[in-house]
Each structure stands twice: as structure tokens, then as C-alpha cells.
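Engineer: With the sequence up front, the predicted model follows.
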Amino acid sequence: MATSIRGRGGIGPALPLLTPAYLWLAVAIFLPLSAMALFSFMTDLPMSGRDWSLTLEHYAAFFSSGLYVTLLWASVRLGLEVTLWCAVIGFPAAYVLARVLKGRAREAIFLLVILPFWSNGLVRIFSWAMVLREGGLLDTVLNAISPFRIDIDLMYSYPAVIIGLVHSYVPYMVLTCYLTLQAIDNALIEAARSLGASRLQTLRRVVLPLAMPGLLAGSVLIFVPVVGSFMEPRILGGRTGTFYGTVIEDQFVAVFNWPLGAALSFILLAVVLVILSLSAPILRRVQ
Amino acid sequence: MTKLLGKLAAQAVLLSVCAVSAHAAELHVLNWKGYGADEPWAVEAFEKATGHKVVNDFFNSEQEMLTKLRTNPGLYDVVMINAAFTGQALAESLIQPIDTAKIPNYADISGDKASSPMLNQDGKVYGVPWVWGLTAIAVNDKSFETLPTSISVMWDEAHKGRVVIRDDAVEAIQFGAIASGQDINDIKDMDAVKEKLTSLMPQIRTFWSSENDWNQMVASNQIDIGTYWSGSADRAKTQFNLPVSLVIPEEGAVAWLDAFSIPVGSDNVEGAEAFINYMIDPEFYVEWVTKVGAPVSANEKAVAALPEDAFNRAVMGDPKVADRIQFQAPVTDEQREKYLAIWQELKVEAK
């Protein structure tokens, strides 16, 4: 370990710098997570003198009915769709920010992109509820300018969930793509152009491959939390808003079945890790 | 250096003394938000009369309430518990016996509620009945010329996509039991319940979870009808001037009883007793009903103090209503988990 760290004194001098971060990670992430891992194998919580023993029944419960598998698939699909939309919307925005706009204009647009981060997630979702419902802002504005009647009632539907989630997560995509796009050497693009590549060819063969790390980092940052999301589907999804995340939330909040909730969460973690590791070789080749 | 340390220590002691003395007069109350105990005028009147400072804390589900009691022993002095959960709280040693002699208004509580086996064990009282109400259906007055009388209106094609039901497994299953003509506390034919609820799903707009959800959907005219609590429907009408009417269907409705308990480890039992006494007092109740809207008090004198035509006296006190309501009995953890599994399955099929 120490040999891999170059420099004069090995890992020794680095310790004071590393310790706070790792101590924090150990206390804030590792301990609660390992407690949850233990819970997921227990029959009941060791609270107020309840009896408990170790069991695998909660993991078996996942496979015992098609319910959880169906929901997990629905959540993975939701994650893929939201990531795709974030890329479609976020990448062009990042491109313009990084390569077209300069100075004040860039700062202003940048501010608009990260503005959603400054407001509470719940507030954002409730504002969408006001916009999307029948007789809401979108409906009223569209009908005010349209000569014929349009019925817009997106609230409590699958598209509403997608809209809410894309809005919440698109800044990640813009920021990660912006960083890689900005780092591209202008000379490369000029070279491509002077050698006769069209704008589209330059984008496809030069810019996109070089921006791939940012696109991928953004996708991972978005995909992982969206698969487990529960607040947006519950508020915006209505009847269609049952996803894997909401089912986990129910186990913790509605029936106090933490062991099953924990087991379902770890299965989600495992599935996400499998998806990421399966896609890693493909992604590496693309890069 | 030692001087400085000594000073610091003295300060720390002083601070902790202040904290303790402040705490002694504090009264921590755990209840639903916007449910009587946190009304500013009530808190003010109580604080003025007794000198105890009320600190309100809230829960969003009975499970959350139990979790808060389990994880904060000694913090709360008064907790509001649905009587169907009092037994569970007692079994986990979360609440202590109450000396009803210290609560003068206890004598006026209707006998059948005070002696409910859900609140009494081994001759000791663990819960003081506060209010009771119904989980029935409420309608948006704008969508109905005459009020419906049967629960079947929820399945009426005319209201497709404008029906709501609460996202709560136990409530949904018991609603299905009433719709299929069964005893809510002893459901024999679960398939009939599932069938009823499955056919209800296409009618549903969304699942509500809080009073606020329901009121907002009526205010923006998004729904026609849905399951609702009697006290909330009254509040929607009285406090928010919404076009909401409660219907107690001829098929019946689920009745619940809310009671106050004192958690184990409370350091202000005297204040807790005074607070519970104030909560069941006729004067507080009449003001609560008039200003805000409330469920039916368990105190007979409090209900009698309402105007004769008041909903809580005229309709809820009607013997014909009493005949068709079913009081909710405790639900075991196994039943609750089973209900949740069924409810989740129904919701997934409806996607």
C-alpha cells in the first residue's frame, strides 16, 4: 500500500490529511450501513426486549412473489429513462455553456442551472404539482394562448414523475459534462474542421468521445438515486406512483418492518452494483 | 489555567441547572399535527392556567409514534394513541398507568369508552378516551346535487378518475371489508375484499396521505369523492370553507377511538394529568369545534355543550349511526404486514 504512494515519506505524512475524511466516512456511513446489513438478517429488531434470531427469510421474500421483481424492474426502467432525458437535455446545455458562451452570459446561465440545488427537494416537487394539475399553471397558460381547448392534466401520472425527477437531477449532468467539455483543447476541434470534418462529424468523432467521462459520471450520479427514489413518485405519480423505493419506505414507516426494508434495500444495492459492473467494460471501450 | 477550568465547570453546572429547571415545567406532547393539542389558543390558555410550557412534537403514522416512544424514552409526557395501538404500547412497556382521580373530567367520559378493554388492563387505566370519529366517505359538494347514501358511489363510472383513498393498508383493507359486507375486525373472505379493491383501482386518481392532500384536491376541484375522517371533513368545512360533506354510508363505517396516555419515564406526570384534563374539558371542546372543527368528544358533557343541531351531536350521536359503525380493534403486526403485502400487490397491479 505504502509503496504505491510516491514521495518522500510514504503514507505517514498523508495520514493527518486522510484521517478526518475516513473517520467521518466510517462513522457516518459504514456504521449505520453495517447495522442495516445486520438488521436485514434478523427476524425482529432488538428493541424493547423483543426476541430475535438470524434468518434469510427477508431475502427469500424478495423472490417469493413477482411483486418486488416487477417493481424493481419498473424502478430500473425509470432510472434509465430519467438518465436518458437528463443526457438529452443536459449535454447540449453543457456544450453551449462550455464552448459558446463567455463571461457574464456564462455566469448567468450557470446560475440558472444550479438554482434548483438551492431549494428544498420537497418544495420543488410541490411546485410541480401546482404546475401540472388540471387547471394548474401549465393548463391555464396553454389555454390562454391557444385558439382551441387543450386538456392538460399531467398530474398523478408516469410522465409527471419523469418530469419531476429530470428537473431535480439534470444539473448533475450539466455540471459533469461541462467540466469535461471545457477541458477539450480547441486545437483538436480546429484540426478536425480543417481536415474537412463537418460540424456533426466533429461532434460525433471528437467532442463526444472526449466528453464521455463526464456523460458517464453524470449518468451514474443520476441513475443510482433515481432507482431508489420514493418522494417524487409518491407525490407526483398518484395511482401509478408505486415503485421499489416507495415499497421500501412503507416497510420502514408504515409497518415498522425494518428487517424486510433493509433486505430490500441491500438487494437494490446489489442490483445497482451488478448493472454498473456489467456496463463498465462496455463503457471503457467507448472511452 | 485551573481557575479558568473552575470557571468553566461552574458555568456548565449553572447551565445544566437552568436546563433542568426549564425542563421541569416543560410538557412534551406527542400528537398528530393540527389535531387539537397544538392549537395556539388552547396551548396559551393551558399555559396561563397551569404554568406548564407545552412543547409539541408530531407523528405522521402510528408506527412513527411508537418508534418515537421507543427511541426517546423519558422525553414525552403526554402521547395521543389510537386505542387500537394502546395495547401494543403497553405490551412494549412504553406507557404507564394513569391515576384518574387526578383528572376531574374523567368522571364525565361515557362509560362504554372509559371501560374499553383496549385502554384498561388488570384494573389499571392506561388511556383516557379523548375523541372518537369515523373513517367514512366525504364528497365534493360541487359534484353532487343530492348526497349519496351508499358506499357503491365510489365505484360509479361517472366519478372515474375522481376518487381518492388513503394510502394506508389497514384502512384500505377495512374499507374493502365494509364494502363487501364483512366484520372489519374479523375478515373471513379476503378474496372478496381484494376483488372489491381491484375493481376500485381504475376509479382512483391518487392515494392521499394527509388531511392537507385531501383539502387541496377539493380546493382545486380535482376529486369528487373519497375516504375521509369525520373530524377532518368537519374541519375542512368549518375552518377552510371547503365544499365538503361527510357521508356515513348505509353499509357502515370504521370507527376509531383516540386516547391520551402517559409514557413511561415522564418527568412531568402532574403536568400531563393537567393537560389531559384540559383536553377533555367541555370548554376546550366547544371552542375547538366552533373555531376549528373536531371529531366527537368522549366526554358526554362536552358533546351536550354543543348546539343541538351540531353535526357531532345530531348526526354522530344518532343511535341509527351507532348501529352501523364498527369500532376498530387492535391489529397484530402479522395482520398489518399481511395487509400491506395485499395492498402493495393491488397497487402494483393497478399501475
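Structural biologist: Great, that's in hand.
Engineer: Any regions of chain A where pLDDT drops low?
Structural biologist: A:1-9, A:47-50, A:283, A:285-287 (pLDDT under 70).
Engineer: Can you pull up the most central residue in it?
Structural biologist: A:Ile222 (2.1 Å; CA atoms, centre = their mean).
Engineer: which secondary structure elements does the helix or strand hosting that one contact?
Structural biologist: Element membership of A:Ile222, judged by DSSP states H and E, is helix A:208-227. The contact analysis (3 or more CB pairs under 8 Å, 6 or more residues apart in numbering or on different chains; DSSP states H and E) places helix A:208-227 against helix A:66-95, helix A:158-183, helix A:258-286. Yep, even glycine has a C-beta here, placed from its N, CA and C like the rest.
Engineer: can you list the residues that contact the helix or strand just after it?
Structural biologist: The element immediately downstream of helix A:208-227 (helix or strand, assigned by DSSP H and E) is helix A:231-236. Helix A:231-236 is contacted by residues A:78, A:121-122, A:125-126, A:128-129, A:132, A:155-156, A:160-161, A:163-165, A:168, A:241-243, A:245-246, A:249, B:167, B:209 when judged by CB atoms under 8 Å, 6 or more residues apart in numbering or on different chains.
Engineer: So what's the residue count around A:Ala129?
Structural biologist: 19 (other CB atoms under 10 Å in any protein chain shown).
Engineer: right, I mislabeled it, should have said A:Ser119
Structural biologist: 10.
Engineer: Okay, it and chain B: tell me how far apart.
Structural biologist: 20 Å (CB to the nearest CB, to the nearest Å).
Engineer: Does the residue of the stretch 51-200 of chain A found nearest chain B belong to a helix, a strand or coil?
Structural biologist: With CB to the nearest CB, the shortest gap between the stretch 51-200 of chain A and chain B falls at A:Tyr156, namely 4.5 Å. Assigned with DSSP: H, G, I helix; E, B strand; the rest coil, A:Tyr156 falls in the coil class.
Engineer: need the contact list for the residue nearest to it when sequence neighbours are not counted.
Structural biologist: The shortest distance from A:Tyr156 to any non-neighbouring residue, by CB to CB, 6 or more residues apart in numbering or on different chains, is to A:Gly238 (2.6 Å). A:Gly238 is in contact with A:Met155, A:Tyr156, A:Ser157, A:Ala160, B:Ile204, B:Arg205, B:Thr206, B:Phe207, counting by CB under 8 Å, 6+ apart.
Engineer: helices or strands next to the helix or strand hosting the last one in the packing?
Structural biologist: According to DSSP H and E, B:Phe207 maps onto strand B:204-208. Applying 3+ CB pairs under 8 Å, 6+ apart, one finds that strand B:204-208 makes contact with strand B:163-166, helix B:211-219.
Engineer: winner for burial among the helices and strands packed on helix A:208-227?
Structural biologist: helix A:158-183 (a mean of 21; mean count of other CB atoms under 10 Å in any protein chain shown).
Engineer: quick check, distance from the next helix or strand after that helix to the centre of its chain.
Structural biologist: The helix or strand immediately downstream of helix A:158-183 is helix A:186-194, counting by DSSP H and E. For helix A:186-194, the separation from the chain centroid amounts to 34 Å (computed by CA atoms, centre = their mean, to the nearest Å).
Engineer: go on, stretch B:294-303?
Structural biologist: For stretch B:294-303, the distance to the chain centre is 14 Å (CA atoms, centre = their mean).
Engineer: Now do the buried residues in it.
Structural biologist: B:Ala294, B:Pro295, B:Val296, B:Ser297, B:Ala298, B:Asn299, B:Lys301, B:Ala302, B:Val303 (16 or more other CB atoms under 10 Å in any protein chain shown).
Engineer: which non-adjacent residue is nearest residue 90?
Structural biologist: Picking chain A for this. Among residues not flanking A:Gly90 along the chain, A:Met173 sits closest, at 3.1 Å (CB to CB, 6+ apart).
Engineer: not what I meant, chain B
Structural biologist: Nearest one to B:Leu90, counting by CB to CB, 6+ apart, is B:Tyr126 at 5.3 Å.
Engineer: can you map out the strands along chain B?
Structural biologist: Assigned by DSSP state E, chain B shows strands spanning B:26-31, B:53-58, B:78-82, B:95-96, B:120-121, B:124-125, B:128-140, B:163-166, B:204-208, B:225-229, B:244-247, B:253-263, B:296-297, B:325-327.
Engineer: so for the longest one, what's the average pLDDT?
Structural biologist: Put plainly, it is strand B:128-140. Strand B:128-140 shows a mean pLDDT of 95.
Engineer: likewise the last one?
Structural biologist: Strand B:325-327 comes out with an average pLDDT of 92.
Engineer: Which residues belonging to that strand are considered buried?
Structural biologist: Applying 16+ other CB under 10 Å to strand B:325-327 flags B:Ile325, B:Gln326, B:Phe327 as buried.
Engineer: Any idea how many residues pack against the nearest residue to the last one once chain neighbours are set aside?
Structural biologist: With CB to CB, 6+ apart as the criterion, B:Phe327 has its nearest non-adjacent residue at 4.7 Å, and that residue is B:Ala255. The criterion is other CB under 10 Å. On that basis, B:Ala255 has 22 neighbouring residues.
Engineer: pretty sure B:Ala255 is in contact with B:Ala136, am I right?
Structural biologist: No - applying CB atoms under 8 Å as the test, B:Ala255 and B:Ala136 come out as separate, 9.1 Å apart.
Engineer: how close does the residue lying closest to B:Leu246 once chain neighbours are set aside sit to B:Gln239?
Structural biologist: In this structure, B:Leu246 finds its nearest non-sequential neighbour in B:Ala233, 4.0 Å apart by CB to CB, 6+ apart. Applying CB to CB, to the nearest Å, the value for B:Ala233 to B:Gln239 is 11 Å.
Engineer: higher neighbour count, the two?
Structural biologist: B:Ala233 (27 against 13).
Engineer: wait, doesn't that one sit right on B:Ser245?
Structural biologist: Yes - using CB under 8 Å, B:Ala233 makes contact with B:Ser245 at a distance of 7.2 Å.
Engineer: Give me the common contacts of those two.
Structural biologist: By CB under 8 Å, 6+ apart, the residues touching both B:Ala233 and B:Ser245 are B:Ala138.
Engineer: Quick check, the residue in chain A closest to chain B?
Structural biologist: Nearest residue of chain A to chain B: A:Gly238, at 3.4 Å (CB to the nearest CB).
Engineer: gap between B:Gln63 and chain A?
Structural biologist: 5 Å.
Engineer: now do B:Lys291
Structural biologist: 27 Å.
Engineer: Just confirm that residue contacts B:Trp41, I think it does.
Structural biologist: Yes - taking contacts as CB under 8 Å, B:Lys291 lies within contact range of B:Trp41: 7.3 Å.
Engineer: residues touching the residue nearest to B:Leu246, list them.
Structural biologist: Contacts of B:Ala233 (CB under 8 Å, 6+ apart): B:Ala136, B:Ala138, B:Val244, B:Ser245, B:Leu246.
Engineer: how far away is it from B:Phe327?
Structural biologist: Taking CB to CB, one finds B:Ala233 at 19 Å from B:Phe327.
Engineer: pLDDT score assigned to B:Val7?
Structural biologist: Not Val; residue B:7 is Lys. So B:Lys7 comes in at 53 (pLDDT).
Engineer: of all the contacts of A:Gly238, which two lie farthest apart?
Structural biologist: Using CB to CB, the two most remote members of the contacts of A:Gly238 are A:Ala160 and B:Ile204, lying 15.3 Å apart.
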